[in-house]
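Peer 1: the following block contains a protein sequence and its predicted model.
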Amino acid sequence: MRQVAKRSSKVKSNESNGSAPLGFEATLWAAADTLRGSMDAAEYKHVVLGLIFLKYISDSFEARHAELLGQTPSGADAEDPDEYRSETVFWVPPDARWQSLQDAARQPTIGGLVDAAMEAIERDNPRLKGVLPKDYSRPGLDKRRLGELLDLIGNIGLGGAENNSRDVLGRTYEYFLSQFAGAEGKKAGEFYTPRGVVRLLVEIIEPYAGRVYDPCCGSAGMFVQSEAFIEAHGGKRDDIAIFGQESNHTTWRLAQMNLAIRGIEADLGGEHADSFHRDLHPDLRADFILANPPFNDDKWGGESLRDDPRWRYGVPPASNANFAWVQHFIYHLAPQGIAGFVLSNGSMSSSQSGEGQIRRNIFEADLVDCLVALPGQLFYGTAIPACLWFLAKDKTGRPTRGGARMRDRRGQTLFINARGLGSLVDRKHREFSDEDRHAIARTYHAWRGQPEAGDYQDVPGFCRSVGIDEIRENEHILVPGRYVGMAAAEESVDDVSALTATLIRQLDDGDRLTGKVRATLSNLNV
C-alpha cells in the first residue's frame with residue numbers, strides 16, 4: 001500500500017478534467033477572463049455563471065421544443081409550458097430564449113434584456129425563484145464585453161443531444177467554479193471545496209442509497225459528486241434524497257444553479273439560512289453527511305446557543321465553531337449513519353476552551369471511525385492544515401454497497417497519514433491524483449472489511465488501526481502521525497551515497513569555519 005501511495009504522488013492530477021477532457025474548458029476560461037477587464041473576480045463570477053446557466057436552460061428547452069414540433073400531428077403543443085414541466089425541463093418564454101439574446105448581443109440595451117430574461121424565467125419556474133442573477137443592466141458592467149461574453153458562451157454547442165448538453169454545460173460550470181476559486185483566493189472557501197477532496201469524501205463513505213445532508217453546502221459540490229458516484233456504480237438518482245443548507249445568499253444561488261444545470265432535485269430550503277440559528281431540517285436524520293464547514297469560525301454566534309440540545313458532548317466555545325459543527329453532524333445522523341467532513345488540524349489535538357473534553361466525550365461514545373491527515377496546499381486561499389474526520393453512529397457492521405456487512409470495528413479507530421500524497425499543479429496549489437484518492441479510500445474499505453478492497457494491513461508511516469486504550473494513553477489526541485509511526489527506510493545505494501557525500505562536505509565546511517574562528521581569536525589575543 002505504501003509503495004502505491006509513494007508512486008501516486010508523482011502522478012499528475014486529473015481532477016479538473018472530469019471523466020474526460022472537454023477540450024475547450026481552458027480556452028473558454030481564458031477568453032472569458034479577458035472580458036472581465038477591471039471587474040473583481042468575485043463579482044464577475046455571477047455574471048459568467050448566470051449566463052452559462054441561462055444557456056443550459058435554453059438548450060434544454062430547445063431540445064424539448066424540437067421534439068414537440070416533431071410530434072405536432074399527434075396534438076402536442078410546442079408552446080404549452082406543461083409539455084416541458086412534465087419532462088422536468090424548465091419553460092423558457094420567447095423573449096428569454098438564448099437565440100433572442102444572442103441576436104441582440106451587440107445592442108447597448110443587452111444588459112436590460114438579460115435581466116428581463118432572468119426575471120421571466122424565475123416567474124414561470126417557481127423552483128428558480130430568487131436564484132438567478134438580475135443585475136446585468138448596472139452601469140458598472142461593460143455592455144460591449146457582456147455582448148462578447150454572450151457570443152462566447154453561445155459557442156458551447158449541444159452536440160446533438162440534450163443529455164450531452166447537460167454534461168458539457170455542467171462540467172463547464174464546475175470548471176469555471178474552480179477557476180474562480182483560484183482567482184478569489186481566501187474568499188473561495190465560502191463556495192468551493194476542491195473536487196479531489198470532495199471525491200475522496202464521497203468514495204470513502206459511498207452514499208449509494210438514503211438521505212444525504214450537507215448543512216454548509218457551498219455551491220453544492222458534495223451533492224454533485226454524490227450523484228456522480230451513484231451513476232458511476234450503476235445506481236439511480238432516485239436512490240438518494242438530498243438535503244442541504246447554506247448561510248450565504250449568493251452562494252446559495254450558485255448551489256441552486258449548480259444542481260439545476262444537472263437536473264438534480266434537492267431540498268436546500270426556500271432561502272439561505274444559518275444552520276446553527278435556523279436549522280431548516282430540524283427533524284432530518286441523514287444516512288450520509290458530507291461537509292466542509294468554515295475553519296475555526298469565531299463569529300458563529302455561540303453565545304446565544306449555550307443551552308442548545310445539540311451539544312450533547314459539551315458546550316462548544318463561542319470562539320471556535322469546529323465542535324459545534326461536529327455535534328450538529330452527530331445530531332443529524334441516522335442510527336446507522338456515517339459522516340465525513342473537513343476540519344482544521346487543530347480539531348485533532350486542541351484542548352482550549354473545553355474542546356479537548358468534547359473530543360474526549362465524542363471518542364468515548366465510540367463515534368470516531370477514521371482520521372485522515374491531509375497534505376498542505378489543497379484548499380484555495382488558506383494555509384491552514386486540514387484533516388478529514390469520519391464518524392459512524394454504529395460501528396458494529398452496517399451494510400455495504402455490495403450487500404455484505406462491514407467488519408465490527410467497535411473500540412477501534414483507523415488513522416491514515418496522507419500528508420505525503422498529492423502533487424503541486426502550480427506554486428500554491430496541490431491536488432490528489434486518482435491513484436492517491438483510491439489508495440486512501442481502498443485502505444478505509446479494507447479496514448472496514450469490504451471484500452473488493454482486499455485484506456487490511458497496517459503500513460508504517462501511512463495507516464494503522466488503533467485500539468481505544470492506546471488513544472486514552474495519548475489523552476485522546478487524534479493526530480494520525482502520532483500513531484502510524486515512521487515509514488520503513490527505502491533509501492537506495494545512490495541515496496545513501498548522496499547523503500554521505502553531503503555529510504562529508506558539511507564536515508569539511510565545519511573544519512574550515514573552525515580554523516577561521518581560531519585564527520580570529522588568536523589575533524584578538526584571547
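Peer 2: Done, it's in.
Peer 1: any idea which element Asp308 lies in?
Peer 2: In this assignment (DSSP states H and E), Asp308 forms part of neither any helix nor any strand.
Peer 1: show me where the protein dips below the pLDDT cut-off.
Peer 2: Applying pLDDT under 70 to the chain flags residues 1-24, 72-75, 157-167, 185-191, 381, 401-402, 488-526.
Peer 1: so which residue is dead centre in it?
Peer 2: Thr193 (3.2 Å; Cα atoms, centre = their mean).
Peer 1: please name the residues that touch that residue.
Peer 2: Applying Cβ atoms under 8 Å, 6 or more residues apart in numbering to Thr193 gives the contacts Gly218, Gly221, Met222, Asn292, Val342, Phe379. Where you see a C-beta, it was placed from the backbone N, CA and C, and this is true even at glycine.
Peer 1: so which of these wins on neighbours?
Peer 2: Met222 (30 neighbours; other Cβ atoms under 10 Å).
Peer 1: just checking, that one touches Arg199?
Peer 2: No: the pair Met222 / Arg199 is not scored as a contact, 10.0 Å apart, by Cβ atoms under 8 Å.
Peer 1: strands along the stretch 301-450 of the chain, start to end?
Peer 2: Under the criterion DSSP state E, counting those that start in this stretch, the stretch 301-450 of the chain carries strands at the ranges 333-344, 368-373, 386-392, 412-417, 423-424, 430-431.
Peer 1: what's the last one packed up against?
Peer 2: Contact partners of strand 430-431 among helices and strands, from 3 or more Cβ pairs under 8 Å, 6 or more residues apart in numbering; DSSP states H and E: strand 423-424.
Peer 1: who are the packing partners of the strand it packs on?
Peer 2: Applying 3+ Cβ pairs under 8 Å, 6+ apart, we find strand 423-424 packed against strand 430-431.
Peer 1: how about the helices of the stretch 401-526 of the chain, start to end?
Peer 2: For the stretch 401-526 of the chain, the helices defined by DSSP state H, counting those that start in this stretch cover 434-447, 468-473, 480-484, 493-523.
Peer 1: one step back: could you dump the strands of the stretch 301-450 of the chain into JSON lines and include distance to Tyr84?
Peer 2: Converted to JSON lines, the strands of the stretch 301-450 of the chain look like this (distance: least, Cβ to Cβ, whole Å):
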{"stretch": "strand 333-344", "distance to Tyr84": "36"}
{"stretch": "strand 368-373", "distance to Tyr84": "45"}
{"stretch": "strand 386-392", "distance to Tyr84": "42"}
{"stretch": "strand 412-417", "distance to Tyr84": "48"}
{"stretch": "strand 423-424", "distance to Tyr84": "45"}
{"stretch": "strand 430-431", "distance to Tyr84": "39"}
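Peer 1: out of those strands, flag the one nearest Arg472.
Peer 2: strand 412-417 (11.5 Å; Cβ to Cβ).
Peer 1: mind listing what that closest one pairs with, with the direction of each?
Peer 2: Here strand 412-417 is paired, per DSSP bridges, with strand 368-373 (parallel), strand 463-467 (antiparallel).
Peer 1: most tightly surrounded among these?
Peer 2: Among the strands paired with strand 412-417, strand 368-373 has the highest mean neighbour count (mean count of other Cβ atoms under 10 Å), at a mean of 24.
Peer 1: just the CA trace of that strand, in CSV.
Peer 2: Extracted in CSV, the C-alpha atoms of strand 368-373 (Å, rounded to 0.1, in the frame of the first residue of the first chain):
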residue,chain,number,x,y,z
VAL,A,368,-14.8,8.2,15.7
ASP,A,369,-14.3,5.8,12.8
CYS,A,370,-11.3,7.3,10.9
LEU,A,371,-9.0,10.3,10.8
VAL,A,372,-7.1,11.3,7.7
ALA,A,373,-4.3,13.9,7.8
